[in-house]
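Chemist: return atomic coordinates for the entry below.
(one chain, ligands or ions: 2)
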Amino acid sequence: METLYAEGSQLSLAVSESGRDWAVPEQQLTVMILEPASAPTMSVVMKVSFEDARSGCTRLAILKMFDRRFAPSVRRRINPVYDDDAESAWCEYVRDGKAPALFAFLHEQLRLEDEGITRPPRTEEEMRVKKGKKEGIMQWKALQLFEDETRAYATLSHFQGRYIPRFFAQVYLTVKEPSPDPHNSDDNNPTLRPEYFQIPGVLLEYVDGFNLTDLGSTNVPQHKWHSIIQQAVDAARYINDAGVINTDCQPRNVVVQRETLRPLHIDFAQCLFAEDMGWEEFGETKIMIDNQGAIGTVMVGKLQRAGVKLPEIRYNRFRDWGRVGRILTHFPFAVTPWSGVGYGVGVGVLILAWVVVRRRGILRGLNYFRNR
Ligand SMILES: Nc1ncnc2c1ncn2[C@@H]1O[C@H](COP(=O)(O)OP(=O)(O)OP(=O)(O)O)[C@@H](O)[C@H]1O
Ligand SMILES: [Mg+2]
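Modeler: Numbers count the residues shown, from 1 in each chain. Ligands and ions are numbered 1, 2, ... in the order given. As a prediction, the model looks like this:
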């Protein structure tokens, strides 16, 4: 099937700037595709331009669409071929009311997997149903990737423009929906649920630069390489400290801004969140997955193989600000008038002790010089 995402084409997107719900589209946005960023894998990524209604000027952006139809990594092993027949099988599947049970089943399977329980795959009786179901599985997977990406950008909102690109909007493209089932006049008709036929995407700030993995083949002077890699490693740590682990963290998913040489992490479609597992487990998982090493060790190894020796990269795998924050919030700081006085006296005594120790040190220093 011919792709919608060809260079020079225009796309009309529904925009939802707020919330993560399948909200009724708040406004329309037309983007012009300038160039596809790479061959699609998990999603379709492209450089676009659009008119910014607020400033009235044209802006560059990256549009990342979680489109099951054109993402080979999502389709592989399920049904690599997408054609009209696959889409109509999915329409039939949804119209027959089977989609809600499928999505519920997949959610449950994910939960069981998280708990380490695996179930044997279920058998299908009918090829047609199976084909529709496969499209549903891929739609669901694409939604999961979109969920993680938007959630990571929201969790890391304070890092936008610094360690990650700015997030402009979440967008939706509507695929031709099946005509509603004439036998089902119910308002809850599953055919009408938007998540089955809308293609979600994210519109991100375009970072003019190159992938960190290509650092060795750019014209960036070699004496700057170490600092760029170190900054990318540090950014991975800050992202972890904010409660996000990118399970697909790698040099390919870091873009180095050409002008400033600042590395920005991208591609948060596969993440783990401290919010879901608690800081205790998050801390252990963070060390196991090792986002910092996935950037630093990999880049140093790659450059070493090309004959370049860099100064050592600093890693800080054990400082755990997330846990420090948690301990502070759990500390029983019950403030009553008397405990307030108590804390005040305690802090005063500590300051006094510190001043005495410092002064003694200074006096000892003076005596030393006097006695010389
Ligand atoms: N904000 C951005 N600014 C500039 N380039 C970007 C941006 N986001 C993505 N890209 C480019 O698009 C490529 C693919 O983006 P991304 O990694 O988010 O998608 P993906 O579907 O996970 O792709 P892949 O599986 O190839 O990693 C990146 O390697 C990068 O070159
Ligand atoms: Mg990527």
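
Chemist: residues contacting the closest residue to C249 other than its chain neighbours?
Modeler: Once flanking residues are discounted, C249 sits nearest to N291: 4.1 Å by C-beta to C-beta, 6 or more residues apart in numbering. All C-beta spots, glycine's among them, are computed from the backbone N, C-alpha and C. The contact partners of N291, by C-beta atoms under 8 Å, 6 or more residues apart in numbering, come to 236-237, 239-240, 245-246, 249.

Chemist: tabulate these in TSV, adding columns for distance to ligand 2, secondary structure and neighbour count.
Modeler: TSV is the format used below for the contacts of N291 (distance: C-beta to the ion, whole Å; DSSP: H, G, I helix; E, B strand; the rest coil; neighbours: other C-beta atoms under 10 Å):
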residue	distance to ligand 2	secondary structure	neighbour count
A236	15	helix	26
R237	20	helix	20
I239	15	helix	24
N240	18	helix	28
I245	16	strand	22
N246	10	strand	23
C249	10	coil	26
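
Chemist: now these as JSON lines including pLDDT?
Modeler: Output for the contacts of N291, formatted as JSON lines (pLDDT from 0 to 100):
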{"residue": "A236", "pLDDT": "97"}
{"residue": "R237", "pLDDT": "96"}
{"residue": "I239", "pLDDT": "97"}
{"residue": "N240", "pLDDT": "96"}
{"residue": "I245", "pLDDT": "98"}
{"residue": "N246", "pLDDT": "98"}
{"residue": "C249", "pLDDT": "97"}
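
Chemist: what's the most distant pair in those?
Modeler: Among the contacts of N291, the pair separated by the greatest distance (C-beta to C-beta) is R237 and N246, at 12.0 Å.

Chemist: V233 should be in a helix, yeah?
Modeler: Yes: V233 sits within a helix when classified using DSSP: H, G, I helix; E, B strand; the rest coil.

Chemist: contacts only, for it.
Modeler: Counted by C-beta under 8 Å, 6+ apart, V233 has contacts 292, 295-296, 313-315.

Chemist: got it, and F103?
Modeler: 136, 140, 195.

Chemist: ok, now I137?
Modeler: Contacts of I137 by C-beta under 8 Å, 6+ apart are 78, 102, 106.

Chemist: least confident of the residues you listed?
Modeler: pLDDT across the contacts of I137 is lowest for I78, at 85.

Chemist: okay, now it: neighbour count?
Modeler: 14 (other C-beta atoms under 10 Å).

Chemist: ok, it touching K133?
Modeler: No: counting by C-beta atoms under 8 Å, I78 does not reach K133; the two are 9.5 Å apart.

Chemist: about what we covered before: how about the contacts of N291 in TSV, adding distance to ligand 1?
Modeler: Output for the contacts of N291, formatted as TSV (distance: C-beta to the nearest ligand atom, whole Å):
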residue	distance to ligand 1
A236	15
R237	20
I239	15
N240	19
I245	16
N246	11
C249	11
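
Chemist: closest one of those to I199?
Modeler: Using C-beta to C-beta, N246 comes nearest to I199 of the contacts of N291, at 23.0 Å.

Chemist: ok, that closest one - contacts?
Modeler: Contacts for N246 (C-beta under 8 Å, 6+ apart) come out as 152, 236, 239, 253, 265, 267-268, 270-271, 291.

Chemist: export those to JSON lines and tack on secondary structure?
Modeler: Below are the contacts of N246 laid out as JSON lines (three-state DSSP):
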{"residue": "A152", "secondary structure": "helix"}
{"residue": "A236", "secondary structure": "helix"}
{"residue": "I239", "secondary structure": "helix"}
{"residue": "N253", "secondary structure": "helix"}
{"residue": "H265", "secondary structure": "strand"}
{"residue": "D267", "secondary structure": "coil"}
{"residue": "F268", "secondary structure": "coil"}
{"residue": "Q270", "secondary structure": "coil"}
{"residue": "C271", "secondary structure": "strand"}
{"residue": "N291", "secondary structure": "helix"}
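
Chemist: tell me the one of these nearest ligand 2?
Modeler: Nearest to ligand 2, judged by C-beta to the ion, of these is D267 at 3.6 Å.

Chemist: that closest one: what's it in contact with?
Modeler: D267 makes contact with 149, 246, 248, 253, according to C-beta under 8 Å, 6+ apart.

Chemist: return the members of those residues classed as buried.
Modeler: With burial judged by 16 or more other C-beta atoms under 10 Å, the buried subset of those is 149, 246, 253.

Chemist: which one of the residues you listed is nearest E280?
Modeler: Nearest to E280 among the buried ones among the contacts of D267, with distances taken as C-beta to C-beta, is N246, at 19.9 Å.

Chemist: can you pull up the bridge partners for that closest one?
Modeler: C271 (DSSP bridges).

Chemist: can you give me the helices in the stretch 201-350 of the chain?
Modeler: Along the stretch 201-350 of the chain, the segments classed as helices by DSSP state H, counting those that start in this stretch run 225-241, 274-277, 279-289, 291-305, 321-330, 337-371.

Chemist: and what of the stretch 1-150 of the chain?
Modeler: Going by DSSP H, counting those that start in this stretch, the stretch 1-150 of the chain shows helices at 72-75, 84-95, 99-114, 127-155.

Chemist: make TSV from those helices and add distance to ligand 1 to it.
Modeler: Shown next, in TSV, are the helices of the stretch 1-150 of the chain (distance: least, C-beta to the nearest ligand atom, whole Å):
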stretch	distance to ligand 1
helix 72-75	6
helix 84-95	21
helix 99-114	20
helix 127-155	8
